[in-house]
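[1] Generate coordinates for the sequence data below:
(one chain, ligands or ions: 1)
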Amino acid sequence: MTTVHTGIRTLQNYVGGAFTQPSSDRSLEVINPATQEPLAMVPLSSAADLDAAVAAARDAFPAWRSKPVIQRAQWLFTLRERLTGHVDELARLVTTEMGKTIGDARAEVERMIEMVELATAVPTTMQGRNLENVATNVDAETIRQPVGVCAAIVPFNFPAMVPFWFLPFAIACGNTFVIKPSEQVPLTQNRVFELIDELDLPPGVVNLVNGDREVVDAILDHPGIDAVSFVGSAKVARHVYSRAAANGKRVQALGGAKNHMVVMPDAVVPKTVDGVISSAFGAAGQRCMAGSVVVTVGEAHDRLVPPLADAAHGLQVGDGLDESVAVGPVISCSARERIEGWIDKAAADGAEVIVDGRGADPGSAFVGPTILTNVSRDADILREEVFGPVLAIVRAETLDEAIEIVNSSSYGNGTSIFTESGAAVRRYRHDVEVGMVGVNIGVAAPVAFFPFSGWKDSFLGDLHAHGPDAVEFYTRKKTVTSRWFSDSAGGARLFGEH
Ligand code: NAD
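    Numbers count the residues shown, from 1 in each chain. As a prediction, this is how the structure comes out:
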């Protein structure tokens, strides 16, 4: 962290409909992980800066929640159009500040836009329920109303998409919103807010506060914030969940992961290799849905490992802006050191490093694809999240044993099974304690229309991100029970004419 300002620009917050200078004098350099060049300075806001954003959001709330729902949806249509016109620009920003390949970044921006598209359905999805004659001439109805001011705290690995798991749904439902981007990748959301600024959205409906843990804790404690969404590591998820809940807020906290891919003996090998490679090494292994352990069942091991190692050796590592590159850098030099430390430790614990991505220049953030075999069942690398392009392979004799390995993890975010056996799939789907399951799919991330979340240490809360859960999270139910004393002749009795 540094407070030294170089010649590069310093970002601002977006509060009450305008870009504003935070009062804090703390800031951090944003680095391009592929080139190690500084891109900008990001301010690390104080609790007072957060307070200004919450005040703007609270002021905007009464008028925004009272707007006809169709007008809120129409605003999302214009946002969608604006984002669609900037897909390439936003994708380049994602790659430049986060490192993933440009193809992956485009896919991310497209998934971000899908969230807006789904949120435009709010006139339908926000509908309540009613029932006539719950007692004689008594009717009951449940209506949905917004929760109030909602905040989201997001990680570095999806600078475009993850903030949009929340923003469009929150405001569609009539809430006002504060986003705290990752301080490691603030540029994409800064650009998104420049685009939002050009649209006709009332001031204070959406706000952006840059910062680190200081502003996170201020969000968790702020009495003016009603709901908090968090995505990031398991340890911080637990902190966010407990502190925000202790302060009476609605919370959903999506945490870290250790995802297993089970390969059965009848799996179609070339397709399985493709699926495993893209899952383990796409985005340099920095997806919460990245597969980091392959469990081979029986003879699947000997069929899978040689072509998998060949494919991993063939992946080009480099700057993600180069279209021919398959694996970009990890987020920072310190992340590279941490990941290489994990590989060293696994090797010291007895694993065989059959594909070795260590050894890049110490001043760089590149780690090549790495595959470990002969990993002992109690090795730390099978339990802890590495969050880099490192794949451990373990052997099981039966599907039962494979399921036992998967379920022994404290995490339960995503998992995949590769097989042509419907019976094995049914069994696996029924028994795994994991929130998202892929069948012959390496990265089983649900599309916008389905809820996204893990189980166990990968998730604290009950309502998942996007899909129908988004409207549940961003609305409060109010149930009205009514009866009327006039008869159907037009209310004459009410006016004493009988
Ligand atoms: P992180 O937990 O370090 O940071 C996430 C956010 O929390 C950031 O905005 C950061 O400013 C803030 N933060 C960090 N440390 C904090 C602290 N001590 N107190 C308060 N706030 C703090 O996560 P990251 O490194 O940015 O992202 C990678 C992690 O996110 C991985 O563990 C990955 O699995 C997880 N992730 C999970 C999902 C999911 O859907 N479950 C999705 C994406 C990423």
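[2] If you count neighbours, what's buried in stretch 468-488?
    Along stretch 468-488, these residues count as buried under the neighbour rule (16 or more other C-beta atoms under 10 Å): 469, 470, 471, 472, 473, 474, 475. Every residue, glycine included, has its C-beta placed from N, CA and C.
[3] Residue 228 - how many residues pack around it?
    Here the number of neighbours of residue 228 (other C-beta atoms under 10 Å) works out to 28.
[4] looking at it, it is touching residue 148, isn't it?
    No: with contact defined as C-beta atoms under 8 Å, residue 228 does not reach residue 148; the gap is 11.6 Å.
[5] Am I right that residue 219 sits in a strand?
    No: assigned with DSSP: H, G, I helix; E, B strand; the rest coil, residue 219 falls outside any strand and is helix.
[6] picking that back up, how about TSV for the buried residues of stretch 468-488, with secondary structure, distance to residue 394 and pLDDT added?
    Listed next are those as TSV, based on DSSP: H, G, I helix; E, B strand; the rest coil; distance: C-beta to C-beta, whole Å; pLDDT from 0 to 100:
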residue	secondary structure	distance to residue 394	pLDDT
469	helix	33	98
470	helix	36	98
471	helix	40	98
472	helix	38	98
473	helix	37	98
474	coil	41	98
475	strand	44	98
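[7] The ligand: which of the residues you listed is nearest?
    For the buried residues of stretch 468-488, the minimum distance to the ligand (C-beta to the nearest ligand atom) is 12.9 Å, reached by residue 469.
[8] what about residue 324, is that helix, strand or coil?
    The local conformation at residue 324, judged by three-state DSSP, is coil.
[9] Likewise for residue 168?
    Local secondary structure at residue 168 is given as helix here, using three-state DSSP.
[10] ok, how many other residues are close to the residue lying closest to it once chain neighbours are set aside?
    The shortest distance from residue 168 to any non-neighbouring residue, by C-beta to C-beta, 6 or more residues apart in numbering, is to residue 119 (3.6 Å). As a burial measure, residue 119 scores 28 neighbours (other C-beta under 10 Å).
[11] do you know how far residue 119 is from the ligand?
    To the ligand, residue 119 is 18 Å away according to C-beta to the nearest ligand atom, to the nearest Å.
[12] can you list the residues of the stretch 201-350 of the chain near the ligand?
    Taking C-beta under 6 Å from any ligand atom as the measure of proximity, the stretch 201-350 of the chain contacts the ligand at 212-213, 216, 231-233, 236, 239, 254-257, 288.
[13] Let's see that with 8 Å instead.
    Where proximity means C-beta under 8 Å from any ligand atom, the interface of the stretch 201-350 of the chain facing the ligand comprises 211-213, 215-217, 230-237, 239-240, 254-257, 286-289, 331.
[14] out of these, which are inside strands?
    Counting by DSSP state E, the members of these that fall within strands are 230, 231, 254.
[15] Show the model's pLDDT score for the last one.
    Turning to residue 254, the model gives it a pLDDT of 98.
[16] Can you tell me which residue is spatially central in the protein?
    For the chain, the residue whose C-alpha lies nearest the mean C-alpha position (C-alpha atoms, centre = their mean) is residue 162; its distance is 4.0 Å.
[17] need the contact list for it.
    154, 155, 231 (C-beta atoms under 8 Å, 6 or more residues apart in numbering).
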